[in-house]
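1. what shape does this take:
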Amino acid sequence: MRFKIPKNTEKYEWTQHAIGKMRHYGLTAQRVLRLVNNPQRVEEGVAANTIAVMQPASTHTKNGKRVWSSEIWAMYQIKGKSKNVMPEAPARIALQIKAGGNQSLAEKRKTFTQQKIRLISTWRYSGISPKRDPIPDDILRELKSML
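-> Alright, predicted model coming up:
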């Protein structure tokens, strides 16, 4: 199978590092974008002003629960200006977009599409990673009430 290099668009910008990691781990641009748009877990990234998102590579049911043996991760930055963007807390932006609330999905996507996403890195983690620095419940409740 031949690797297809993703192109920069109005919404997404790909770093050479991310492209190299995608090639190394056998990830396609469509798979990474699906991960960014619909993460199962959102955390603050290791680098400053970054967001790390995760989806299981594949799941199966065991004793009525979803379980998996490996994960796919992506780290990105949100570029651009919007009244809803707080540069000091990028993970809160992603949670605000993902969170439910009174705002319609179309309005959330409109706010999100005004910004450019710079994909910095992608990787596979063979196992289940521990949760690191989860967003506190009171902040999540506050975000949901704002929407």
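2. now the element after the lowest-mean-pLDDT helix or strand in the chain, going C-ward?
-> Ranking every helix and strand in the chain by mean pLDDT, DSSP states H and E puts helix 105-113 at the bottom, with a mean of 54. Remark: after helix 105-113, the chain's next helix or strand is strand 116-125, criterion DSSP states H and E.
3. for residue 117, give the beta-bridge partners.
-> Counting by DSSP bridges, residue 117 forms beta bridges with residue 12, residue 78.
4. so it sits against residue 13, correct?
-> Yes. Residue 117 is within contact range of residue 13, at 7.1 Å (criterion: C-beta atoms under 8 Å). The C-beta positions use only the backbone N, C-alpha and C, and glycine is treated the same way.
5. quickly list what's touching both of the two.
-> residue 79 (C-beta atoms under 8 Å, 6 or more residues apart in numbering).
6. distance of the closest residue to residue 6 other than its chain neighbours from residue 44?
-> For residue 6, ignoring the flanking residues on the chain, the nearest one in space by C-beta to C-beta, 6 or more residues apart in numbering is residue 29 at 3.6 Å. In this view, residue 29 and residue 44 are 24 Å apart by C-beta to C-beta, to the nearest Å.
7. residue contacts, the nearest residue to residue 8 once chain neighbours are set aside?
-> Nearest residue to residue 8, sequence neighbours excluded (C-beta to C-beta, 6+ apart): residue 14, at 6.1 Å. Residue 14 makes contact with 6, 7, 8, 29, 119 under the criterion C-beta under 8 Å, 6+ apart.
8. next up, the contacts around the residue nearest to residue 6.
-> So residue 29 contacts 4, 6, 14, 22 (C-beta under 8 Å, 6+ apart).
9. which one (most neighbours) among the residues you listed?
-> residue 22 (24 neighbours; other C-beta atoms under 10 Å).
10. tell me where this protein has helices.
-> In the chain, the helices defined using DSSP state H lie at 16-25, 29-37, 90-98, 105-113, 137-146.
11. what's the angle between the second one and helix 16-25?
-> For the pair helix 29-37 and helix 16-25, the angle between their directions (axes from the mean of the first three to the mean of the last three C-alpha atoms, to 10 degrees) equals 110 degrees.
12. buried set for helix 29-37?
-> For helix 29-37, a neighbour-count test (16 or more other C-beta atoms under 10 Å) marks 29, 31, 32, 33, 35, 36 as buried.
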